[in-house]
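>>> below is the sequence, then the predicted model.
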Amino acid sequence: MRARRGHLCLLLALALACSSTARGRNFEEEQRHQVGLTVIDSTAKYGFHLFNPTPPELMRALSTDRPDKTESPFTVDAGHFQIEADLANFTYDASRGTTVQSWSFANTNLKVGLLNNVDFQLIIPTINHLRESDSRGRTMATTGFGDIVTRVKINLWGNDGGRTAFGLLPFVKFPTATGALGNGAVEGGLILPLAVQLPAEWQLGLMTEVDLNRSGRRYHAEFINSITVSHGIVGELAGYAEFFSSIRAEKGSAWVGIVGLGLTYGLTDDIQLDGGVNVGVTRAADDINPFIGLSCRF
């Protein structure tokens, strides 16, 4: 418990340390940057890199890969850092006499902008607890560290202008998990995220993903697709609805379907709170997954 509190305190301290102004921006402002009435020429930003950071007045609006499962095609500005973390995440699933419950705290995606259209990401699953019980009353519990994931996001267009944006997000997972929290295998894949500005200030996100995962001694492909729509509600509060689908290329594998609903609230231009719930709509999916999180840029 003391370790969990320490990690949560660290995340909150980093969030409060982020410099920011009082008002967030909408998706339309993510697509165009203005200083006064002058539109910023996005090509001028390609001279910035990790060791020559993008000036604050040229930075695009905060864009995160959470809280929905659909990833964003927008990258972190060159020379800047971003933290996206689960403050608390709970998953419950009951199927065929077996009940699985999992908790995670302070699981964090650390991002750094390398170039104007490229960032590097390190996903650290800090505190995880898994508890599985069957109809006979037998229980198995594991607590520890999860599998580390490294990702590189490359924006192909739309990072600094336009009504659509598209990116590439290759990733590799390394087997660092404690016991039953992982499968002990190196795995990876490629994510293709697309963002579209719709009429009436609605935003659409689409994602296609192909993973190479190991089951037993063999690797198999897993195909993931998702769609999310979002809109502002009032002030800096916005909401989203999402549908997520996953199917493995294995004989007898079951289709996973999930509906997600959530809210985001921009405390400042650089700090965002979120919360939501994912609900399984197929038997193979987890029954319910509520969560709260925090994102911070500096």
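Looks like it came in fine. Residues are numbered from 1 along each chain as shown.

>>> which parts of this protein are helices?
2-17, 27-31 (DSSP state H).

>>> surely Asn289 and Phe90 touch.
Yes. Assessed by Cβ atoms under 8 Å, Asn289 is found in contact with Phe90 at 6.9 Å. To be clear about C-beta, it is placed using only N, CA and C from the backbone, and glycine gets the same treatment.

>>> based on its surroundings, how many neighbours for Gly167?
24 (other Cβ atoms under 10 Å).

>>> ok, now which ones touch the nearest residue to Leu168 once chain neighbours are set aside?
Leaving aside its chain neighbours, Leu168 sits nearest to Ile154 (4.6 Å; criterion: Cβ to Cβ, 6 or more residues apart in numbering). By Cβ atoms under 8 Å, 6 or more residues apart in numbering, the contact list for Ile154 reads 75, 117-118, 167-169.

>>> with Phe51 instead?
Phe51 neighbours (Cβ under 8 Å, 6+ apart): Gly79.

>>> ditto for Gly158
Per Cβ under 8 Å, 6+ apart, neighbours of Gly158: 31, 73-74, 164-166, 195.

>>> so what's the residue count around Leu62?
23.

>>> tell me, how many neighbours does the closest residue to it other than its chain neighbours end up with?
Counting by Cβ to Cβ, 6+ apart, Arg297 is the residue found nearest to Leu62 once chain neighbours are left out, at 5.5 Å. Per other Cβ under 10 Å, the neighbour tally for Arg297 reads 26.

>>> likewise for Gly179?
12.

>>> which ones are touching it?
Contacts of Gly179 (Cβ under 8 Å, 6+ apart): 142, 144.

>>> check the gap between it and Asp147 for me.
Taking Cβ to Cβ, to the nearest Å as the measure, Gly179 falls 12 Å from Asp147.

>>> what sits opposite the residue lying closest to Leu156 once chain neighbours are set aside in the beta ladder?
Distances taken as Cβ to Cβ, 6+ apart put Phe166 closest to Leu156, at 5.1 Å, once the chain neighbours are dropped. Beta bridges link Phe166 to Trp157, Leu194 when assigned by DSSP bridges.

>>> can you pull the contacts of Phe166?
Phe166 neighbours (Cβ under 8 Å, 6+ apart): 73, 155-158, 192-195.
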